[in-house]
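Engineer: Make a model of this:
(chains A and B)
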Amino acid sequence: MGAFFAVDSLLQGLALVFHWQQLMWLCIGVFLGLIGGTLPGISGATMLSIMLVFVSKFPLDCMVIAMAGIYAASTYSGSTAGILYNVPGDAPGIPTTIEGYAMTKKGKSLSALTAALSGSFYGATLSFVLMMIMVPIFLYLVNFVGSGERALFALWALVIITGGALTREDSIRGLASMAVGLFLGTVGMQRNTGAIRFVENQTALWDGFDLLWVILGIFAIPQLIKLPYIKVLRQERISINPLAFYKDCFVMIRDKWKLMSKAAVLGTVIGVIPGIGAVTASWVGYSTAEKSSKEPVPFGKGNIDGIIGAESANNAAVPGTFVPLLALGIPGSAANAIILGAFIAAGIYPGPALMLNNGPIVWTILFGIGLSGIVFLLLGVPFIKMAQMMVILPNEFLIAFIGILSLLGTYLAKYSVFGALITILIGLVVMAGSRFGLIASSVLLGYILGPTIEIEFIRAYQIGGFSRFLQPISLVLLILILITLIWGFVQNHLRQRQADKRVLSEKEKIEKEYLERLDDESVDTGSHLGDLVFGALGVSLVTYILISMWNITFLARFWPMLVAVFFLGIPSIVLIGRSFFRIKAIRQSVQNIRASATGSLLSKNTLDFIVIIGGLTLSTVLIDDLGFTGASALFALIVIGFFSRKITRTIAGVLAFTASMWFMRVSMGFSLPTGILGL
Amino acid sequence: MQYRKQVRRVSLLLGLAMGLLVTGMSASAASPEKKWPAPNATFNLVAGYNPGGATDAIVRVSAPFMEKYLGIPVVVQNIPGSGGLVGTNSVFAGKADGYTAIYTATTDGIWSYKNLSPTSVPWQLSDWKGTGIFASMGTMGIVTTKKSPWKDFGDLIEAARSLPPKSITLASLGPGRLDDLWVIEIQETFGVKFNWVFYDGSSAIQTDLMTGDVQAAIIGVARSDFINHPNFRVLAGFVSEYPEGCPYKGVFPTMRDFEKRLGYKMESMPAMSVKPILSYIVKANIPDEAYKGISKAVKQMTEDPEWQEKIKALTWPTYIPPEETQAVFDSVNNAFIPYKEKHKEYVRR
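Structural biologist: Numbers count the residues shown, from 1 in each chain, chains lettered A, B, ... in the order given. Next comes the predicted model:
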């Protein structure tokens, strides 16, 4: 185990993390995470996907530290707007919002904020200690697994994440969505054989869809459309005395450390298991507090233990998710998938050789994750003040900001307009699909893990034939995959049977209400009609894959065909099958759509959509002529002009975006078109 | 009423946008031909790989020196994909204005794309021009683990001959690289058959060497950490000989060292004896003034002692002027041609 615990590597990592450059990036990451978590409608994943744009410009350790900072701080700050304004920044902030806003109404918002910050800090710090022990052990253990096991581990993680065995997702839609991602990952060159699939005549796609196109398409583009409808009411601001606030935080840690520890350990364990993540951790921490609390206030009416339990657990889940990510390259959540994207973009592959080849970087990242807790504790107080101003920031500025950075990232990925247009197309497909029950995060995880599974599977087969999968560890993994799949299906079947009879619990009702307010994708948007449409589209895609793959060599067509038949075909048929038993409900949905369709084509929503997507497409197409700065100014002009309806604000916004984008292009040395104006 | 207002606003914005576009188009159409290099222009040095790898490192070492000698800012563009092919296609699709050059090498350059790609590429070799060759040393070789019984390349071949076919799993980067031809050539020259497996990065190969899934691998060995590496042993460097002063000379065996023992001549292996080169190529139809300017900058860069010192950590500097480059390029292409059909057959199998 020498290489994994090499002291020089560890010391180098420790020295690096305290270097001013790394500390600066950590602060930037934490700051962006605080913003992302606080602003309703902008998730940590959106902020991470924007950060991915800059990965190639700066050292990887700095970027990953910044990304870890975003992830940790956005998880913490998801509760700040929830406590103050009853609008959680993201889904993990919901339990805290329930208790926190109830406290705010009683005039105890400061206590709620103290509980959230101290619980978050304690959870993140304890989990960091546990992660420091687990990561090297996991990295050492995976040294004994070869190609076959790596493929099966990744497949198992994918089945856990998307099959709904451990979460409350619909396993059929989860698997079908994952299959869409797996299909996306098969486009282009098959790495073991060199065969080109689906895009033989389109050389720009021989390498498949670029990771950045897919990530920004899934997270940033749909966000642009949601943003105009997220509103926060102005409320009176609270004032904070920093010294007294920090003192209260430490008093709270002293008094509540037992509850915090219990919730943090549970949160870490949940984080390590792929696919469960911070949302479940929040509720588990909340329930733990509910069981052990001695506070007189009932839960739901402003119980401080509910905040502490939920915050300690969800912040502890964040470092936990890095264990499977670094050891096996398996992302447990969409945010982790984006961080994995940063590794891949920098040419560093997680797995057994990681510590051997990049020991100091790994230690720097691990220490950086630990430090992020301290940094968000320090930045937390000034940030609460800022958050109160930020949540009322006009949404059109956010739309312009995210749209322009998406344009920048997708263009830089391959220095082509084509890629930026593909990103918009992916975003539109995801938005349309989510109306029928497509789960965007499952698509991303399928896309990220699919190529790894295929390459390792075929390689393992080439190395030892089918018998390679009958070695003891592989066999155990195969059995676990089967059990997980069957368990997911059984659970889903039981859920479906009970769905009509069951009355939602009080907690579930509240969660659903908050998620609807966030327009979260996990809300059941896919009705029975959605099942039918999703199923029919799935069957069409299966037919296309099977026809396209007919003449390709066996090894190159094996995986796409497996994906088509088992992961997409069977779930699609089940979706169609189960919708057949709900004909009445489908007819009702169709009638509802017809009734609302009369006005929808002329509605404000349609116009908003045309302006945002049309504006972004136009700016993209004109980037070579107008230059990046000019195209940014054009998009800002269209969006701010349309939504703000104020000339002064539009001019100020356009000037600000033009100046900042020009400064960014010049200062970062991005090779971007300067256009006719030379800007 | 509200709807009409909004439509009016959209039309106004679209009008503004179109106005900007028309102004832009007419301004660019009216602008006179600029002299190369334009003082406010940027020169793009393209690497067809992600940042962080060996190719990226070579390009990044060169960038400041190219900037110094071109006199305009030089930006490194990473356009990864399909072993460098996506970047090459992207440069080909771009303007022939003399502000872009792409890194190419014998192992994974225009010759391998042209001859080994599964489908035809959108350009001909004559669509490219070399700006001089700045390095010429083979960086690849064959490795195994320290625990392996094979001490050198000869041991490996003798073991492969004595064992049933495909008993030894050999990994290589690919497919679609010169490395493919080396494996075919080794198998045909020595009458052995490996269980040949492709990888897309040397990191995964190293892992599988350690787990025992792979017994030998063809990867980049010209790295100082491979001298007395704790886990790996270099069985042979795929070169005739390492240049004088090179740290690998006398440390790693070369292919020439086994001629007598294994009974072959390196010259009878065209792919193995092809001249390894590194060069920046440009589109053949760029302005002549630009071509001369870039070639001059490459020459000045290779003469710069500071650059020479820096590049030695990655490869070995050698300069071949542009007028001799085409002949070298042709000889590289000739090494690929005999194996073109055979390669298709191997990959199909």
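
Engineer: close to chain A, is stretch B:181-199?
Structural biologist: Yes - counting by C-beta under 8 Å from any C-beta of the partner chain, chain A is contacted by stretch B:181-199 at B:195, B:197-199. In short, each C-beta sits where N, CA and C put it, glycine included.

Engineer: Kindly reformat those as CSV containing neighbour count.
Structural biologist: Formatted as CSV, these follow (neighbours: other C-beta atoms under 10 Å in any protein chain shown):
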residue, neighbour count
B:195, 17
B:197, 23
B:198, 25
B:199, 24
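
Engineer: Let me know the closest of those to residue A:34.
Structural biologist: Closest approach to residue A:34 among those (C-beta to C-beta): residue B:199, at 41.3 Å.

Engineer: quick check: longest helix of chain A.
Structural biologist: Criterion DSSP state H: the longest helix present in chain A is helix A:353-390.

Engineer: which parts of it are buried?
Structural biologist: Across helix A:353-390, burial judged by 16 or more other C-beta atoms under 10 Å in any protein chain shown covers A:353-373, A:375-377, A:379-381, A:383-384, A:387-388, A:390.

Engineer: Off-centre distance for it?
Structural biologist: The chain centre lies 18 Å from the centre of helix A:353-390; the measure is C-alpha atoms, centre = their mean, to the nearest Å.

Engineer: What is that helix packed up against?
Structural biologist: Of the remaining helices and strands, those touching helix A:353-390 by 3 or more C-beta pairs under 8 Å, 6 or more residues apart in numbering or on different chains; DSSP states H and E are helix A:7-17, helix A:20-38, helix A:60-77, helix A:80-85, helix A:109-141, helix A:242-272, helix A:304-328, helix B:202-211.

Engineer: For residue A:651, find the nearest of those.
Structural biologist: Closest of these to residue A:651 is helix A:20-38, at 24.9 Å (criterion: C-beta to C-beta).

Engineer: tell me which residues of the closest one are tucked away?
Structural biologist: Buried, per 16+ other C-beta under 10 Å, within helix A:20-38: A:22-23, A:25-38.

Engineer: And what about residue B:235, helix, strand or coil?
Structural biologist: strand (DSSP: H, G, I helix; E, B strand; the rest coil).

Engineer: what's the helix or strand encompassing residue A:493 packed up against?
Structural biologist: Residue A:493 is part of helix A:472-499 when elements are defined by DSSP states H and E. Judged by 3+ C-beta pairs under 8 Å, 6+ apart, helix A:472-499 is in contact with helix A:147-163, helix A:171-186.

Engineer: ok, how many other residues are close to residue A:98?
Structural biologist: Residue A:98 has 25 neighbours, counted by other C-beta atoms under 10 Å in any protein chain shown.

Engineer: From residue A:310, how far out is it?
Structural biologist: Distance from residue A:98 to residue A:310, counting by C-beta to C-beta, to the nearest Å: 9 Å.

Engineer: Distance from the chain centre to the helix holding residue A:493, please.
Structural biologist: Chain-centre distance of helix A:472-499: 24 Å, with C-alpha atoms, centre = their mean.

Engineer: now swap in stretch A:634-646 and tell me
Structural biologist: Per C-alpha atoms, centre = their mean, the centroid offset for stretch A:634-646 relative to its chain is 28 Å.

Engineer: Spell out which residues of the stretch 101-250 of chain B are next to chain A.
Structural biologist: Residues of the stretch 101-250 of chain B found near chain A (C-beta under 8 Å from any C-beta) are B:117-119, B:121-122, B:169, B:174-176, B:195, B:197-201, B:203-204, B:206-208, B:210-214, B:230-231.
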